[in-house]
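S.K.: Quick one: sequence plus predicted model below, questions after.
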Amino acid sequence: MRFLIAATVTAMLVGCSTSPISADKADPVPSGRLYAFTQKSGSELVVTRDSGMYQVGLKVKFYIDGTLAAEFGQGEVGRFGLKPGTHILAISDGGSLIESEIDIAPGQTVRRRISISGARYDLSPTSL
């Protein structure tokens, strides 16, 4: 019986996480859900949302410096032109707000990943 309970809990936790996807393999965020920072600039921010079945229909709002920049679906990538300097990034699922800071140099490309594990979203650096 304990084995069955442990297996069920493990399956539930695995089912509530997402899988990283490279920016090259992700689908672009449709232009109708790209709202700001879409012009080429001195530096580029590449944001990819993981793929997976958990919360597949839910869009995650992505903000740059307090401005709604895009809404991401599962397995999508967005590319944003930013001026060099410090920027505040944020994601929201309509409830919680997760923020982080980046410092981007002239000509630099910075990559970030939107993921979820359990019921917690994360915005973290990635090499994908």
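M.R.: All right, it came through fine. Numbering: from 1, shown residues only.
S.K.: who's in contact with the residue positioned nearest the centre of the chain?
M.R.: The residue lying closest to the centre of the chain (CA atoms, centre = their mean) is residue 114, at 2.3 Å. Contacts for residue 114 were tallied using CB atoms under 8 Å, 6 or more residues apart in numbering; they are 47, 48, 49, 50, 60, 62, 72, 91, 121, 122, 123. Quick note: C-beta positions are derived from backbone N, CA and C, even for glycine.
S.K.: hang on, residue 91 is in a strand, isn't it?
M.R.: Yes: read with DSSP: H, G, I helix; E, B strand; the rest coil, residue 91 is one of the residues of a strand.
S.K.: Could you measure from it over to residue 84?
M.R.: In this structure, residue 91 lies at 23 Å from residue 84, with CB to CB, to the nearest Å as the measure.
S.K.: what's the neighbour count on the closest residue to residue 105 other than its chain neighbours?
M.R.: With CB to CB, 6 or more residues apart in numbering as the measure, residue 84 is the residue that lies nearest to residue 105, at 5.7 Å, once sequence neighbours are left out. The burial count assigned to residue 84 is 14, neighbours taken as other CB atoms under 10 Å.
S.K.: so can I have a markdown table of the contacts of residue 114 showing secondary structure and neighbour count?
M.R.: Written out in a markdown table, the entries for the contacts of residue 114 read as follows (DSSP: H, G, I helix; E, B strand; the rest coil; neighbours: other CB atoms under 10 Å):
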| residue | secondary structure | neighbour count |
| --- | --- | --- |
| 47 | strand | 27 |
| 48 | strand | 26 |
| 49 | strand | 31 |
| 50 | coil | 23 |
| 60 | strand | 22 |
| 62 | strand | 28 |
| 72 | strand | 23 |
| 91 | strand | 23 |
| 121 | strand | 20 |
| 122 | strand | 15 |
| 123 | strand | 19 |
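S.K.: could the residues you listed go into TSV alongside distance to residue 40 and pLDDT?
M.R.: Output for the contacts of residue 114, formatted as TSV (distance: CB to CB, whole Å; pLDDT from 0 to 100):
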residue	distance to residue 40	pLDDT
47	16	98
48	19	98
49	22	96
50	26	94
60	24	95
62	18	98
72	20	96
91	23	97
121	28	87
122	28	92
123	23	95
